[in-house]
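Enquirer: sequence-free structure coming up:
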């Protein structure tokens, strides 16, 4: 990740996801929050929008997303009372990086989730991962690497080690509340 060029904290930006074949996927309206030893953080206040071809939604809870320098995942931490009881949602990714002043990534259809209900911590969308491995022709070395990333992330979330602890997430959710325009968070 190029640490030389980042927007000022509080700047609005778009976080653009695409699929392996380059087609557009999610675009999230966000605010740049800053960086720490884990990577760069962007946030989305309650009510801000995300969209992809054929679908759109409004953030149901304020959230802060960590983009670590290795580019293989992006972890979103939810504050408040998320209606689906999600606390952490990690998108296993490829080529997550900054292009100019905006983050971009390839969504690899494999996720690690921490839910604050009976589901607990689990790897999600394994059926979609299996289907898209064939549809998009993911190279075998990428498949092996990212499956291990998902297993490692699940173990790290279960252990609650930073940045997967509540204190780290709360720090950046508080920062989002401070930087959100008009108290939007």
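Expert: Yep, that arrived. Nothing here was measured: the structure is a model prediction, and the numbers come from that model. Numbers count the residues shown, from 1 in each chain.

Enquirer: average pLDDT across stretch 110-118?
Expert: Throughout stretch 110-118, pLDDT has a mean value of 94.

Enquirer: packing partners of the biggest helix by length in the chain?
Expert: Taking DSSP state H as the criterion, the chain has its longest helix at helix 140-159. When contacts are defined as 3 or more C-beta pairs under 8 Å, 6 or more residues apart in numbering; DSSP states H and E, helix 140-159 packs onto strand 73-78, strand 86-99, strand 102-115, strand 121-124. The way it works is simple: take the backbone N, C-alpha and C, and place the C-beta from them, glycine included.

Enquirer: direction included, what does the first one pair up with?
Expert: Strand 73-78 has its sheet partners listed here by DSSP bridges as strand 63-67 (antiparallel), strand 86-99 (antiparallel).

Enquirer: single out the most deeply packed of those.
Expert: strand 63-67 (a mean of 25; mean count of other C-beta atoms under 10 Å).

Enquirer: what about that one, average pLDDT?
Expert: Mean predicted confidence for strand 63-67 is 97.

Enquirer: what of stretch 7-26?
Expert: 96.

Enquirer: residue 103 contacts residue 69, correct?
Expert: No - in this structure residue 103 lies outside contact range of residue 69 using C-beta atoms under 8 Å: 11.8 Å.

Enquirer: looking at those two, which is more packed in?
Expert: Higher neighbour count among residue 103 and residue 69: residue 103, with 24 against 14, using other C-beta atoms under 10 Å.

Enquirer: hmm, back to that, contacts for the longest helix of the chain next, please.
Expert: With contacts defined as C-beta atoms under 8 Å, 6 or more residues apart in numbering, helix 140-159 is touched by 72-73, 75, 88, 90, 92, 94, 108, 110-112, 114, 121-123, 133, 164.
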